[in-house]
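Chemist: Sequence first, predicted model second:
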Amino acid sequence: MSDRDTVLGRVRRALADVPREERPEDVPVTGGRPDGARAPDAAADLLARNLADYRALVHRVSPARLPVLVAGLLAARGARTLLVPEGLPERWPAAAAAAGVRLCPDDPRATPVELDAVDSVLTGCAVAVAETGTVVLDGGPGQGRRRITLVPDHHICVVRVPGQVVDSVPSALERLDPTRPLTWISGPSATSDIELDRVEGVHGPRTLEVVLLEG
Amino acid sequence: MSGTYLGMPSFPRAAAAATRDGTLRGNLRHATHTIRDKRARAVAELADWPRLRAAAAAIKERTLRHLDHYLVQTEAAVTAAGGTVHWAADAAEANRIVTRLVRATGETEVLKVKSMTTQEIGLNEALGRAGITACETDLAELIVQLGEDRPSHILVPAIHRNRAEIRDIFRARMADWGRPAPDGLGDNPTELAEAARLHLREKFLRAKVAISGANFMVAETGTLVVVESEGNGRMCLTLPETLISVVGIEKVVPTWRDLGVFLQLLPRSSTAERMNPYTSMWTGTAETAETAETAETAETAAEARAAAEARAAAEARPGARAGTRTGTETRAEAGARAGGADGPRAFHLVLLDNGRTDTLADTVGRQALRCIRCSACLNVCPVYERAGGHAYGSPYPGPIGAILTPQLRGTESELDASLPFASSLCGACYEVCPVAIDIPEVLVHLRERVAEGGIVTRGGKKAVIRPARGHAAERAAMRAARWTLDHPAALRTAQRIASRTRRLHPRRLPGPGRAWTGTRALPEVPPESFRDWWARTRGQGSPE
Ligand code: SF4
């Protein structure tokens, strides 16, 4: 007998007390979480607060000022190279490029070591969750493969407000496609493994900057 | 301290040694109290916590009552998404499967994401015997591995170590595993985390095979979920070519929507965060992340999805790879697999039983399989706080360990028979449990089984266990009972207060608790209190 048959057989015998005719839907699941009806402004404010609470650096700008902001953030760190995924609006990194930052397209042939040599990465996101201070990337346009927001040490993530902001985790799940690889990011990488003291910055980008693009 | 749990002394002996260790006690007390208070604040933020908790318990209950259905569904979904599903009835089989899969890649070093399931089956040791080195990448697991130690807490396996000890371990041992600790390493947690970053980065960038567990797997979609903080999980889940996930069969949840309940409960219960820094979700082998558009970013997720679907329909890309594997992936190799893949090209899911179906067969004990390993019950447990995690002799310490281990492994050994007695039945664990496992109820049930014997399921077969009276198991159990009673500072206050409130428990809670009790009856007060049990079995009246 295969292990598959063994395990499934054991499961079925173990559930002898469950009436044969009972279907999964017969076991009631009550409760759960109705989505809060927050005004868009309030959601964006909460998102900003919660992101900042977990040490993400939050900026709020209009589309017109975004390129200058990005250039400024990179200059402040002395970043010379910027990873840009396909589908990222060309305008976003334009001012930085004009100021001399080299734009590196997300090249699927790039090795992890090469990715490691890039200073910063600029992406959009799929959705952001106000209640938890989370941005979710799904590999869609302007987001790139999962590794590009992981290996470089500085990630700038742009969230369109209010279009991409939802209140809660359940609302975010509704908008997301489970067949895509998803990364939920709530602040920079952190650990509480030493005496339960929270320390930011372990293996992921040590600096996460979230730009709320408003209007 | 050895890395294996074999030959561990029974709970009371190990616990007695631990309580004499002042450093250990201090580390534990500081840590558990810090997290406890933070957790209470994180939970208070969600007004509907009781409803979420009720929903989580109900979803898990539904899943367990129809586990065969959901496992078959999971298998089909993962397979359809390009993954390969393996079934393992026990630890030995799971280890054989993983060893075979790693061997097939030709690699002799693999990276590990923190996983209690692989601790449970002794995977690192099994791989070691096959000449394969398994490197832990979670900071705490790294501390444990370098220190040749055992984990002592579900969430923070090195909770028993303070910063000075960690610095010493890094200084002494990092060089044996790869990049040595930086010169003059201090004991500031930021510095220690930086040392781990440097040490592990080299490994991440050239890793070919990674092994993980999973926090959840979704039957409907075949999606696996790993919740973490440091980014070591993301490194392991995205950079290597082969990913092997060993997952207990109880980790399945029916639908994508169900994740909405658990992703709210787990971080707040475990690290006391609104959300942990990183959560990764993947379905089979990912071919969807290639971005073909050069147009403006799609305005909404729906647009992005539509675009992705169009792309997927337009292209079917083979993930062919040329060349041999040596060290870091070459550009040619990376390019060859650049046909749109985001993440490992090969994904193996090993579904593990190893005593879970035996647990499922016990209609009282079954609820232990709801556990989402948040560790909240450890942090409130007065016995855990004094005894430390090692005394429980398994990767599952604290209250959950006291009910899970004797069910997964049976109660034949002295240690396992003594575990159900490693509690004062104060009930704090039940109060904090996000999936409402009535741990005291199961403890009492298991005590009865140890004391009086009965019919159990072992390895899928019915077996009769004899009453423990006069056996080594009973002696261990008695010692455990006495141990808890010998530590009045540890127990008396907590137990008195808690058992008094338990006795006064109304059937419905007033105020904010009402929503919760409205959907579920409050737990029965254990049929017999610890003191009564003691008095009855020893016939000596109150032990005080
Ligand atoms: S038993 Fe409950 S509280 Fe304890 S680890 Fe499991 S889910 Fe968390």
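Modeler: Yep, that arrived. Residues are numbered from 1 along each chain as shown, chains lettered A, B, ... in the order given.
Chemist: ok, longest helix in the chain?
Modeler: Looking at chain A here, since you left the chain open. Longest helix in chain A, counting residues (DSSP state H): helix A:40-53.
Chemist: was after chain B, sorry
Modeler: Per DSSP H, chain B has its longest helix at helix B:22-44.
Chemist: quick one: is that one near the ligand?
Modeler: No. Applying Cβ under 6 Å from any ligand atom, one finds helix B:22-44 separated from the ligand by no less than 10.3 Å. For glycine as for every other residue, the C-beta is placed from the backbone atoms N, C-alpha and C.
Chemist: what comes up buried for the following helix or strand past that helix?
Modeler: Next helix or strand after helix B:22-44 toward the C-terminus (DSSP states H and E): helix B:49-65. Of the residues in helix B:49-65, B:49-65 count as buried by neighbour count, 16 or more other Cβ atoms under 10 Å in any protein chain shown.
Chemist: Also stretch A:162-171?
Modeler: So for stretch A:162-171, counting by 16+ other Cβ under 10 Å, buried means A:162, A:164, A:165, A:166, A:167, A:168, A:169, A:170, A:171.
Chemist: now the worst-scoring helix or strand of chain A on mean pLDDT, how far from the centre of its chain.
Modeler: For chain A, the helix or strand with the lowest mean confidence is strand A:197-200, at a mean of 82 (criterion: mean pLDDT, DSSP states H and E). Between the centre of strand A:197-200 and the centre of its chain there are 20 Å (Cα atoms, centre = their mean, to the nearest Å).
Chemist: Repeat that for stretch A:197-211.
Modeler: 13 Å.
Chemist: At which residues are the strands of chain B located?
Modeler: With strands called from DSSP state E, chain B shows them at B:84-88, B:109-112, B:133-136, B:209-212, B:216-218, B:223-228, B:242-248, B:252-253, B:278-283, B:346-352, B:454-458, B:461-465.
Chemist: Make a markdown table from the ones you listed and add distance to chain A, mean pLDDT and mean neighbour count to it.
Modeler: Listed next are those as a markdown table, based on distance: least, Cβ to the nearest Cβ, whole Å; pLDDT from 0 to 100; neighbours: other Cβ atoms under 10 Å in any protein chain shown:
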| stretch | distance to chain A | mean pLDDT | mean neighbour count |
| --- | --- | --- | --- |
| strand B:84-88 | 4 | 98 | 20 |
| strand B:109-112 | 11 | 96 | 23 |
| strand B:133-136 | 12 | 96 | 20 |
| strand B:209-212 | 13 | 98 | 26 |
| strand B:216-218 | 7 | 98 | 24 |
| strand B:223-228 | 5 | 97 | 25 |
| strand B:242-248 | 11 | 98 | 24 |
| strand B:252-253 | 11 | 98 | 25 |
| strand B:278-283 | 4 | 97 | 27 |
| strand B:346-352 | 7 | 98 | 24 |
| strand B:454-458 | 7 | 91 | 16 |
| strand B:461-465 | 9 | 90 | 12 |
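Chemist: what about the stretch 351-500 of chain B, any weak spots by pLDDT?
Modeler: Within the stretch 351-500 of chain B, the ranges that satisfy pLDDT under 70 run B:469-474, B:478, B:481-500.
Chemist: who in it is up against chain A?
Modeler: Within the stretch 351-500 of chain B, the residues that sit near chain A (Cβ under 8 Å from any Cβ of the partner chain) are B:351, B:353, B:357, B:358, B:360, B:361, B:363, B:457, B:460.
Chemist: Let's see that with 10 Å instead.
Modeler: B:351-354, B:356-363, B:366, B:379, B:457, B:459-462 (Cβ under 10 Å from any Cβ of the partner chain).
Chemist: could you flag which of those residues are buried?
Modeler: Applying 16+ other Cβ under 10 Å to these flags B:351-354, B:356-362, B:366, B:379, B:457, B:460 as buried.
Chemist: Any idea how many residues pack against residue B:37?
Modeler: 11 (other Cβ atoms under 10 Å in any protein chain shown).
Chemist: Would you map the helices across chain A?
Modeler: A:3-14, A:40-53, A:66-77, A:94-98, A:112-116, A:169-175.
Chemist: sorry, that was for the stretch 401-544 of chain B
Modeler: Using DSSP state H, counting those that start in this stretch, the helices found in the stretch 401-544 of chain B span residues B:414-418, B:428-432, B:439-452, B:472-486, B:488-504, B:514-519, B:530-538.
Chemist: who in the stretch 401-544 of chain B is up against the ligand?
Modeler: So far as Cβ under 6 Å from any ligand atom goes, the stretch 401-544 of chain B lies against the ligand at B:432, B:433, B:434, B:435, B:437.
Chemist: Geometric centre of chain A: which residue is closest?
Modeler: residue A:136 (3.1 Å; Cα atoms, centre = their mean).
Chemist: is it true that residue B:107 touches residue B:211?
Modeler: No. Judged on Cβ atoms under 10 Å, residue B:107 makes no contact with residue B:211 at a distance of 11.1 Å.
Chemist: any common contacting residues for the two?
Modeler: Shared contacts of residue B:107 and residue B:211, defined by Cβ atoms under 10 Å, 6 or more residues apart in numbering or on different chains, are found at B:240, B:242.
Chemist: quick one: terminal-to-terminal distance for stretch B:238-249?
Modeler: 24 Å (Cα to Cα, to the nearest Å).
Chemist: any bit of it sitting next to the ligand?
Modeler: No. Judged by Cβ under 6 Å from any ligand atom, stretch B:238-249 stays clear of the ligand, getting no closer than 12.5 Å.
Chemist: near chain A too, which of the buried residues of helix B:49-65?
Modeler: Applying Cβ under 10 Å from any Cβ to the buried residues of helix B:49-65, those adjacent to chain A are B:49-65.
Chemist: Pull up the residues of the stretch 251-400 of chain B that are close to the ligand.
Modeler: Residues of the stretch 251-400 of chain B lying near the ligand (Cβ under 6 Å from any ligand atom): B:269, B:371, B:372, B:373, B:374, B:375, B:376, B:377, B:400.
Chemist: who are the neighbours in contact with the nearest residue to the fourth one once chain neighbours are set aside?
Modeler: Spelled out, it's residue B:373. The shortest distance from residue B:373 to any non-neighbouring residue, by Cβ to Cβ, 6 or more residues apart in numbering or on different chains, is to residue B:154 (5.3 Å). Residue B:154 is in contact with B:114, B:116, B:270, B:371, B:373-379, B:389, B:395-398, B:400-401, counting by Cβ under 10 Å, 6+ apart.
Chemist: how about the strands of chain A, start to end?
Modeler: Under DSSP E, chain A gives strands at A:57-61, A:81-84, A:102-105, A:120-123, A:127-129, A:134-137, A:154-161, A:165-166, A:182-185, A:190-194, A:197-200, A:207-214.
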